[in-house]
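J.: can't give you the sequence, but here's the structure:
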């Protein structure tokens, strides 16, 4: 059996490899990953419970706290070192409150919003930056390779939603009364992939931004053109040759 090629470095890996690296990270921290998945599962269970009641306005508040906590936990697992929890959690609150309202209308605007500002959570968790500067840094990271950012988040979303739906369909065959439980278990097991992949995306975009470096001017190696209207002799650059024989 042929061995698989080594994974590409963060600056070069495609969206599919981000999903693969998220699965690998999940396999190294199974129980901790399921722990953050339970937070997401609770959020999905709250939606049908609070829908149509006077407490429905609590859903986005609970969801913001749960999703932000899950993302910070995923960033900590990906980093493998202590992170700035308070700053990252506060950034998550800013990110996930609008995210939930956008998700109600359509998935793509929610993914676009998460791509634009979502990396502020790992930025503030890992880098020593002021709060607002963390969002500016996140936007710069997203623009470093916008196609990769959107593609990776979209790929993670598709994998998670498809796998969750399939697992829920299989588990609910145990009985109609187990549909809610099946959905909860499926989200708890599968949803960590999205947050782990989003945390790894930070390293991809940081590597791409650093490898790009400062943009050189297109005329950096060219000498400035001669300005015919400048003061002085128009032929100042021409060296006078020796006088021909017979000329004064």
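T.: Yep, it's here. Just so it is clear, the model here is predicted, and its values are computed rather than measured.
J.: I'd like the average pLDDT over the one helix or strand residue 97 maps to.
T.: Per DSSP states H and E: residue 97 is located in helix 85-105. For helix 85-105, mean pLDDT rounds to 92.
J.: just stretch 31-46 next, same as before
T.: 92.
J.: And for stretch 155-173?
T.: Across stretch 155-173, the average pLDDT comes to 88.
J.: Only the buried residues of that stretch, if you could.
T.: Buried positions in stretch 155-173, judged by neighbour count with 16 or more other C-beta atoms under 10 Å: 155, 156, 157, 159, 160, 164, 167, 168, 171, 172. No exception for glycine: its C-beta is placed from N, CA and C like everyone else's.
J.: what secondary structure does the fifth one sit in?
T.: It stands for residue 160. Here residue 160 is recorded as helix under DSSP: H, G, I helix; E, B strand; the rest coil.
J.: OK, contacts around it?
T.: If you count contacts by C-beta atoms under 8 Å, 6 or more residues apart in numbering, residue 160 has them with 190, 191, 193, 194.
J.: In CSV, list those residues along with pLDDT, neighbour count and secondary structure.
T.: Shown next, in CSV, are those (pLDDT from 0 to 100; neighbours: other C-beta atoms under 10 Å; DSSP: H, G, I helix; E, B strand; the rest coil):
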residue, pLDDT, neighbour count, secondary structure
190, 95, 24, helix
191, 95, 26, coil
193, 96, 23, helix
194, 96, 24, helix
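J.: Out of those, the closest to residue 107 would be?
T.: Using C-beta to C-beta, the shortest approach to residue 107 within those belongs to residue 194, at 12.3 Å.
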